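Colleague: Quick one: sequence plus predicted model below, questions after.
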Amino acid sequence: MAGSGAILARKRRTLILLLAPLTLMLSVFFLIPLSIMVIYSFLEPGLYGGVEWNWYPYNYGRILGWPLNDFETFEVIYLKIFLNSAQIAVMTVIVTFLLSYPAAFWVSRMTGARKNLALFLITLPFFANMLVRIYAWLLLLRPTGFFNTILQSTGLIAEPLNLLFTNFSVIIGMVYILTPFMFLPIYASVEKLDYSLVRASQDLGANPIQTFRRVILPLTAPGIIGGSVIVFIPALGNFIVPAFLGGSKVQMTGNLIERSFLQSRDWPFGAALALLIMAFVVILVMFQISRQNRAAERGIA
Amino acid sequence: MNMIKYLKSGVAIAASVMAMTSIASAEGSLNLYNWGEYINPEIIEDFSKEFDVDVTLDTYSTNEEMLARIQAGATGYDLVWPSVHMHDIMQKLNLLQPTNVNQMPGFENIDPSALRSKEDPKAEYCLPYAWGAVGIFYNKEMIPELTSWQQFFDYAAANPGKVTMLDDLRETLGVGLILNGASVNSSDKDEITAAEEFILKQKPNIGAFRYDIIPLVTAGDMAASHYYVGAVLNANQSPDKLGFVIPEEGATMYQEDICMLKTAPNTANALKFLEFMMRPDVSAKNTERLTNGSVNTAAIALLPDELKNHPAVNPPAEMRAKLQIFDDLGKSLRLYTRAWDRVKTN
């Protein structure tokens, strides 16, 4: 008996030792900055950046409508920016999904060197700096750029289209940089898909749509959900793409946060905005996890 | 083309800075913290050779970024280049130290009207560096001659999406204030609201709020852009195609001063640098690269004609009178930030 106790204790020690670096890193680089942000979001903005150490919950009031004082007024624009960002992020998720899902099946059916090449090509864009790649899109989409020149020379359009500095160009940029993040998790679950189950459903008389809806889709759902989450979150907070390809006319919450810190010198407001986004994302993920858990329990029952 | 030019000049700066830092037997060092692309690299090289000093150059892109870094305790820098209102702020925050630059030889060359700081009216702390107007950079193939903001917005109304304005709340709301006849330093809620409504009315016609527009105007993607006088460098390279104008209704202007930080480790070299910068030939060489207004009256005579006679680089007195410089607004800045949030969102 004493022997197994010693083994358990040793196992625990090893576990603590193995987890210590990660725990230390997370607490130093995540929890401490996060606490600073929480504290700052309830303080008064300093005149030249920084904060005054006075209790000031009104930063949230500006965004949410409560609490307010004489200086701060509720402005619905901040919620509007937030909704607009969420909309762009959802569009990004949908488009990356539509691109990645069929491609994942295609790649998973490849063999040997071709498959490795395809996977390599999908991760290839990461080798170049993101700003350079976004700038390239600017050159492609501008009025004298590649697409407009081609369309004009083939006679399809007379005047160059306004592709740049629109919601459209922002979504293109987002889809472009985030597609690998959707593809890889989906590919992982498609790769694991057990085709004997697909054949079984066909043998049992399911038509292709039923097979897809009742067998293939549920089996690849974890990949879709995982991909959606890791595309949605960076899309929601992105500020480089709207600044470059949206011409700062398309505005997302990330741009507003950046401006609060750098132009408006209102750090607490920026912190409050960032925390609200984080809260929203956490709630969304929690909701998804609890739904998955319930679904899993139903599955067991 | 322009991208390549910028990349090349960036590489050149990096290379020259590296060359300088590799001088092992230098007398000492000097650490500069300046805006990006805001000093002629040859000047740093000349100074470094003449005084045998190791010079390093770090850059920032906004006053706020620089202030935030200095406030957060960044040390090691000797000289910084704040705009005049930021110079005032930094002096109030006790981040600067006196240099008595006004007692140095060469100070007689400095235009007295360039002593714009409210906190430092006699230049006991900082040396005026350069100034410039913020006007309109335009493509002459699309607009043969541009003279006014009115024409700029009329063109935009007829050709939506073909003009840009700066992504800067005070500059762009400032244009609204100027066109309504108000001061760009107004703290009057109604005046700021009127400026906000003006810009908001133009917004559907404005292609983008953006800084990096030189390649777009040069290629003809944009016809005209609200931009700094530094674009004269490009306009003078192809004067038939590109132009820069200070609109006749008036415009904003900027000025930067060179200031010595309280924490400066190399004060002796920093003072030498200030004196060096006041030499007319050095100042002129710098202006040739920056293509903006000179604060050194003796240097203006040394400038090439296309700069000396350029109405945007060296504006006549009646045009200078229409240029407004930004003051520090203190708490009233929030009126602008909120107006700008609404302009950006609605």
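Modeller: Received, thanks. Bear in mind that the values here come from a model prediction, so they are computed numbers and not experimental data.
Colleague: give me the element B:H310 is part of.
Modeller: Secondary structure from DSSP states H and E places B:H310 outside every helix and strand.
Colleague: For the closest residue to it other than its chain neighbours, give me its contacts.
Modeller: Closest residue to B:H310 apart from its sequence neighbours, by C-beta to C-beta, 6 or more residues apart in numbering or on different chains: B:V232 at 6.1 Å. The C-beta positions use only the backbone N, C-alpha and C, and glycine is treated the same way. With contact taken as C-beta atoms under 8 Å, 6 or more residues apart in numbering or on different chains, B:V232 is in contact with B:F244, B:T291, B:N292, B:L307, B:H310, B:A312, B:V313.
Colleague: quick one: which of these is nearest chain A?
Modeller: Set against chain A, the nearest of the contacts of B:V232 by C-beta to the nearest C-beta is B:F244 (20.9 Å).
Colleague: Count the residues that sit near the closest one.
Modeller: The tally of other residues near B:F244 (other C-beta atoms under 10 Å in any protein chain shown) stands at 27.
Colleague: before we move on, which element is it in?
Modeller: Going by DSSP H and E, B:F244 is in strand B:242-245.
Colleague: all helices in the stretch 201-346 of chain B, in order from the N-terminus.
Modeller: Remark: helices assigned in the stretch 201-346 of chain B by DSSP state H, counting those that start in this stretch are B:214-219, B:232-237, B:267-277, B:280-290, B:297-300, B:305-308, B:317-320, B:333-345.
Colleague: follow-up on the earlier one: quick check: the farthest pair among the contacts of B:V232?
Modeller: B:F244 and B:L307 (11.8 Å; C-beta to C-beta).
Colleague: Hmm, B:A68 is touching A:Q263, no?
Modeller: No - B:A68 sits out of contact with A:Q263 when judged by C-beta atoms under 8 Å, with a separation of 11.7 Å.
Colleague: Against which helices or strands is the helix or strand encompassing A:M182 packed?
Modeller: Using DSSP H and E, A:M182 falls within helix A:167-192. Under the contact definition 3 or more C-beta pairs under 8 Å, 6 or more residues apart in numbering or on different chains; DSSP states H and E, helix A:167-192 sits against helix A:77-108, helix A:112-123, helix A:130-141, helix A:217-237, helix A:240-245.
Colleague: For it, what does the pLDDT average out to?
Modeller: Mean per-residue pLDDT for helix A:167-192: 94.
Colleague: And for stretch B:145-156?
Modeller: Mean per-residue pLDDT for stretch B:145-156: 96.
Colleague: In it, which residues are buried?
Modeller: Residues of stretch B:145-156 classed as buried by neighbour count (16 or more other C-beta atoms under 10 Å in any protein chain shown): B:L146, B:W149, B:Q151, B:F152, B:F153, B:Y155, B:A156.
Colleague: Which residue, other than its chain neighbours, is closest to the first one?
Modeller: Right, B:L146. Leaving aside its chain neighbours, B:L146 sits nearest to B:Y138 (4.8 Å; criterion: C-beta to C-beta, 6+ apart).
Colleague: Make sure that neighbour is indeed in a strand.
Modeller: Yes - under DSSP: H, G, I helix; E, B strand; the rest coil, B:Y138 sits within a strand.
Colleague: does it have beta-bridge partners, and which?
Modeller: B:A224, B:G243 (DSSP bridges).
Colleague: How much space separates the residue nearest to B:A264 when sequence neighbours are not counted from B:F51?
Modeller: Leaving aside its chain neighbours, B:A264 sits nearest to B:D78 (4.1 Å; criterion: C-beta to C-beta, 6+ apart). Distance of B:D78 to B:F51, computed by C-beta to C-beta, to the nearest Å: 13 Å.
Colleague: who touches both of these two?
Modeller: Joint contacts of B:D78 and B:F51 (C-beta under 8 Å, 6+ apart) are B:N269.
Colleague: And these two? Which one has more around it.
Modeller: Taking other C-beta under 10 Å, B:D78 and B:F51 do not tie; B:D78 has more neighbours (24 against 17).
Colleague: ok, that one - contacts?
Modeller: B:L30, B:N31, B:L32, B:M260, B:L261, B:A264, B:P265, B:N266, B:T267, B:N269, B:A270, B:F273.
Colleague: most surrounded residue in those residues?
Modeller: Neighbour counts for those peak at B:L30, which has 28 neighbours (criterion: other C-beta under 10 Å).
Colleague: and the residue nearest to A:L43 when sequence neighbours are not counted, what pLDDT?
Modeller: Spatial nearest neighbour of A:L43, excluding adjacent residues (C-beta to C-beta, 6+ apart): A:V51 at 4.2 Å. Listed pLDDT for A:V51 reads 88.
Colleague: go on, B:A182?
Modeller: At B:A182, the model reports a pLDDT of 95.
Colleague: what about it, distance to chain A?
Modeller: To chain A, B:A182 is 21 Å away according to C-beta to the nearest C-beta, to the nearest Å.
Colleague: helix or strand for that residue, which one?
Modeller: Going by DSSP H and E, B:A182 is not in any helix or strand.
Colleague: What about it, how many residues nearby?
Modeller: By the criterion of other C-beta under 10 Å, B:A182 has 18 neighbours.
Colleague: repeat for the one 3 residues further on
Modeller: Here the number of neighbours of B:N185 (other C-beta under 10 Å) works out to 16.
Colleague: so what's it closest to, chain neighbours aside?
Modeller: Nearest residue to B:N185, sequence neighbours excluded (C-beta to C-beta, 6+ apart): B:D327, at 4.5 Å.
Colleague: Surely that neighbour is in contact with B:M86?
Modeller: No - counting by C-beta under 8 Å, B:D327 does not reach B:M86; the two are 10.9 Å apart.
Colleague: out of these two, which sits in the more crowded spot?
Modeller: Using other C-beta under 10 Å as the criterion, B:D327 and B:M86 rank with B:M86 on top: 22 against 16.
Colleague: how about the more buried one, secondary structure?
Modeller: Strictly by three-state DSSP, B:M86 counts as helix.
Colleague: Once you drop chain neighbours, what's closest to the residue of chain B at minimum distance from chain A?
Modeller: When distances are taken as C-beta to the nearest C-beta, chain B reaches nearest to chain A at B:A208, 2.5 Å away. Leaving aside its sequence neighbours, B:A208 sits nearest to A:G247 (C-beta to C-beta, 6+ apart; 2.5 Å).
Colleague: State the phi and psi torsions of the one you found.
Modeller: As for A:G247, its main-chain torsions (degrees, to the nearest 10) stand at phi 60, psi 30.
Colleague: what's the answer for B:T56, then?
Modeller: Torsion angles, degrees, to the nearest 10, at B:T56: phi -120, psi 150.
Colleague: for the residue positioned nearest the centre of chain B, what are its contacts?
Modeller: Centroid-nearest residue in chain B, with C-alpha atoms, centre = their mean: B:Y254, separated by 5.3 Å. Going by C-beta under 8 Å, 6+ apart, B:Y254 touches B:S83, B:V84, B:W131, B:G132, B:V134, B:Y228, B:I325, B:F326.
Colleague: The third one touches B:T287, doesn't it?
Modeller: Put plainly, it is B:W131. No - at 10.5 Å, B:W131 and B:T287 do not qualify as touching, with contact defined as C-beta under 8 Å.
Colleague: Give me the pLDDT for the residue nearest to B:H310.
Modeller: In this model, B:V232 carries a pLDDT of 94.
Colleague: Could you do A:M130 as well?
Modeller: Note for A:M130: predicted pLDDT of 89.
Colleague: for the closest residue in space to it that isn't next to it in sequence, what are its contacts?
Modeller: In this structure, A:M130 finds its nearest non-sequential neighbour in A:I177, 6.1 Å apart by C-beta to C-beta, 6+ apart. The contact partners of A:I177, taken as C-beta under 8 Å, 6+ apart, are A:P125, A:M130, A:R133, A:I134, A:V241.
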